[in-house]
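*Asks:* what follows is a predicted protein model with its sequence.
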Amino acid sequence: MNQKRWNEIHRINYLISEMESYYHHASLKLGISDSVSLVLYTIYDTGEDCLLSDIYKKTGISRQTIHSAIRALEASGMLYLEQHTGRTKKVVLTDQGKDYIQKTAAKIYAAEVQALDTWTDDEVDTYLRLLEKYADGFRQQVELL
């Protein structure tokens, strides 16, 4: 690999890690663990009809970690699991959970929106197009491993 590509990959990885650290810092400021933050964020992003499988797919973290976060949220009365179809389970927020999600995940979401609001529409479109292209190219290369 040439030095230029190595430097570019190093920069990409650094920026990805830096972004992850901002989400971690946001979770700390909101008084929640990273796993609970990801679960709540995914529910908020997906909407009222969030399936447990959506959380597995969208977070990319282990099922065991998701289950631990779900159990903690269930124990504190924020949500419960309901049978959906077959073996599929739906995550249902309680009224307390709906309030809590507004104090946590909705604030993170709003911060993301405010960050994007500093960009032009063309900058957002370019970023999304390039990020999708990179993700697709990387996915293809991972399949070849």
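*Replies:* Structure's in. What do you need?

*Asks:* assign Val91 to helix, strand or coil.
*Replies:* strand (DSSP: H, G, I helix; E, B strand; the rest coil).

*Asks:* try Leu81
*Replies:* Leu81 carries the three-state label strand when classified by three-state DSSP.

*Asks:* burial of it, as a residue count?
*Replies:* 14 (other C-beta atoms under 10 Å). To be clear about C-beta, it is placed using only N, CA and C from the backbone, and glycine gets the same treatment.

*Asks:* same check, this time on Ile32
*Replies:* Counted with other C-beta under 10 Å, the neighbours of Ile32 add up to 21.

*Asks:* kindly report the same for Tyr23.
*Replies:* Neighbours of Tyr23 using other C-beta under 10 Å come to 16.

*Asks:* measure it to Ile12 for me?
*Replies:* 17 Å (C-beta to C-beta, to the nearest Å).

*Asks:* for Leu131, same thing?
*Replies:* Counting by C-beta to C-beta, the gap from Leu131 to Ile12 is 11 Å.

*Asks:* do a quick rundown of the helices in this protein.
*Replies:* 3-30, 34-46, 52-59, 63-75, 95-103, 105-116, 121-143 (DSSP state H).

*Asks:* now, of the ones you listed, which is deepest in the fold?
*Replies:* Among the helices of the chain, judged by mean count of other C-beta atoms under 10 Å, the one packed with the most neighbours on average is helix 34-46 (a mean of 21).

*Asks:* CA atoms only for it, dumped as CSV, please.
*Replies:* Extracted in CSV, the C-alpha atoms of helix 34-46 (Å, rounded to 0.1, in the frame of the first residue of the first chain):
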residue,chain,number,x,y,z
ASP,A,34,-23.3,3.7,25.3
SER,A,35,-25.4,0.6,24.7
VAL,A,36,-28.6,2.2,26.2
SER,A,37,-27.9,5.3,24.1
LEU,A,38,-27.7,3.2,21.0
VAL,A,39,-30.9,1.3,21.8
LEU,A,40,-32.8,4.5,22.6
TYR,A,41,-31.4,6.3,19.5
THR,A,42,-32.4,3.4,17.2
ILE,A,43,-35.9,3.4,18.7
TYR,A,44,-36.2,7.2,18.2
ASP,A,45,-34.8,7.0,14.7
THR,A,46,-37.0,4.0,13.7
